[in-house]
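K.L.:
Sequence below, structure please.
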Amino acid sequence: MPLYDPDSIRALVGERADGDHTIDLRGAALSDAQSTISQLLERGRWGDATSVVIRIDPATATSGETLFLPLGRQLLEARKRGLLTRCHPLPEADGGGFYVELPGHPSSRETPR
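P.N.:
Residues are numbered from 1 along each chain as shown. Have a look, this model is predicted:
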């Protein structure tokens, strides 16, 4: 994004660019990428709360359609359904993609007595 410096972009999209886990979808087909996200969301319902960085190929002048819009829509829908507690795009300077936080299973959030 030539019009904005990395600090300005970070202010818009968020500071977090590192997660507990990373999923690398660079070079993946759309159907494979969407399937991977669906599996992540399903596992996130039953495990511990965690954060994940999802890496995708950045857009270029010749790249055509990227995974950004379709995966972004899938993640936003998951957030509306309560499957994500946080979701924001990553600045291109951090490699591009998304940062998401999964709430985990309710029993994993209970504090021991």
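K.L.:
Pretty sure Asp24 sits against Arg55.
P.N.:
Yes. Using Cβ atoms under 8 Å as the test, Asp24 is close enough to Arg55 to be in contact (4.7 Å). Every residue, glycine included, has its C-beta placed from N, CA and C.
K.L.:
ok, these two, which is more surrounded?
P.N.:
Arg55 (18 against 13; other Cβ atoms under 10 Å).
K.L.:
List phi and psi for that one.
P.N.:
Main-chain torsions, Arg55, degrees, to the nearest 10: phi -90, psi 130.
K.L.:
right, and it touches His21 too?
P.N.:
No. Using Cβ under 8 Å, Arg55 makes no contact with His21, being 11.2 Å away.
K.L.:
Give the other helices and strands that the lengthiest helix in the chain contacts.
P.N.:
Across the chain, the longest stretch assigned as helix under DSSP state H is helix 30-46. Under the contact criterion of 3 or more Cβ pairs under 8 Å, 6 or more residues apart in numbering; DSSP states H and E, helix 30-46 touches strand 50-55, helix 68-80, strand 97-102.
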